[in-house]
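>>> Fold the following, please.
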Amino acid sequence: MIPKVIVQFWNTESIPEDVTELMATWQQQNPDFRHLIFTHEQAASFIEVQFGTAIKSLYLSAALPAMQSDIFRVAYCLAKGGFYIDAGTRCMASLVPNLPDNGDLLLMRKWHGGIWNGMIACEAGHPKLQKIWDKIVHNLQQKGIDDVWQVTGPKSFNQVVTHAKDSYTLRVIEQKDITFFDIVSDLKYKANHWSEVQKQVSIFN
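Modelled structure (predicted):
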């Protein structure tokens with residue numbers, strides 16, 4: 001069974017009001033779930049405890065909050081299991097009838113055909129999430145590409161899903177079929193999108 005835990009990330013303790021309101025919808029719709037919000041520092045500590053100092057150093061090498069969030073979400077779900085969801089989403093219904101009860105890794109395919117890494121649901125130690133994690137760690141070790149999407153973002157998810165030889169531990173839902181939450185685009189923080197920031201600065205510290 002997937003643990004009844006909703007996990008979200010915001011790099012600072014101070015969270016914008018519009019994001020706070022969205023995060024609250026997950027608690028409102030799922031009162032029987034624990035709702036955890038990790039900051040950058042808390043995520044670093046979690047990764048050190050679960051994966052060691054070397055992996056924590058790789059996490060800290062990520063310069064952009066989007067990367068930090070990318071790394072943490074996979075680390076948490078792999079270590080503990082649960083339901084990770086991006087901060088820029090609004091919950092509209094209970095999670096309970098929408099979570100797999102057979103050990104599947106639950107992901108979403110966006111309207112353009114690519115796998116989105118903003119929603120992850122699984123039990124701890126899921127083998128396909130382990131493959132995704134291994135790819136992300138490798139990318140961080142290499143530091144050969146200055147593109148968040150490729151290094152820590154959805155590319156690793158797409159690679160694992162595309163090359164999966166079996167689908168019995170994987171469930172991918174199309175975005176159009178998602179009814180329990182919505183992605184919110186008109187948020188202030190999204191005006192400074194990582195895809196633009198990475199054109200100006202290195203994505204690595």
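>>> Buried ones in the one helix or strand F46 maps to, by neighbour count?
F46 belongs to helix 40-51 when assigned by DSSP states H and E. Buried residues in helix 40-51, counted by 16 or more other C-beta atoms under 10 Å: 40, 43-44, 46-48, 51. No exception for glycine: its C-beta is placed from N, CA and C like everyone else's.
>>> nearest residue to Q27 other than its sequence neighbours?
Counting by C-beta to C-beta, 6 or more residues apart in numbering, Q27 lies nearest to H35, which is 4.6 Å off, once chain neighbours are set aside.
>>> The one you found reaches I6, doesn't it?
Yes: using C-beta atoms under 8 Å, H35 is in contact with I6, at 4.9 Å.
>>> tell me the mean pLDDT over the next helix or strand after the helix holding F46?
Next along the chain after helix 40-51, taking DSSP H and E as the criterion, comes helix 53-60. The predicted model assigns helix 53-60 a mean pLDDT of 98.
>>> What residues does the residue most central in space within the chain make contact with?
The centre of the chain sits closest to R73, judged by C-alpha atoms, centre = their mean, with a distance of 3.9 Å. For R73, the contact set (C-beta atoms under 8 Å, 6 or more residues apart in numbering) comprises 7, 9, 84, 117, 120.
>>> element containing the first one?
In the assignment (DSSP H and E), V7 maps to strand 5-9.
>>> helices or strands next to that strand in the packing?
Other elements packing on strand 5-9 under the criterion 3 or more C-beta pairs under 8 Å, 6 or more residues apart in numbering; DSSP states H and E are helix 17-29, strand 34-38, helix 65-80, strand 82-85.
>>> okay, the angle between the longest one and strand 34-38?
Taking axes from the mean of the first three to the mean of the last three C-alpha atoms, to 10 degrees, one finds that helix 65-80 is oriented at 140 degrees with respect to strand 34-38.
>>> Surely S195 is in a helix?
Yes: assessed by DSSP: H, G, I helix; E, B strand; the rest coil, S195 belongs to a helix.
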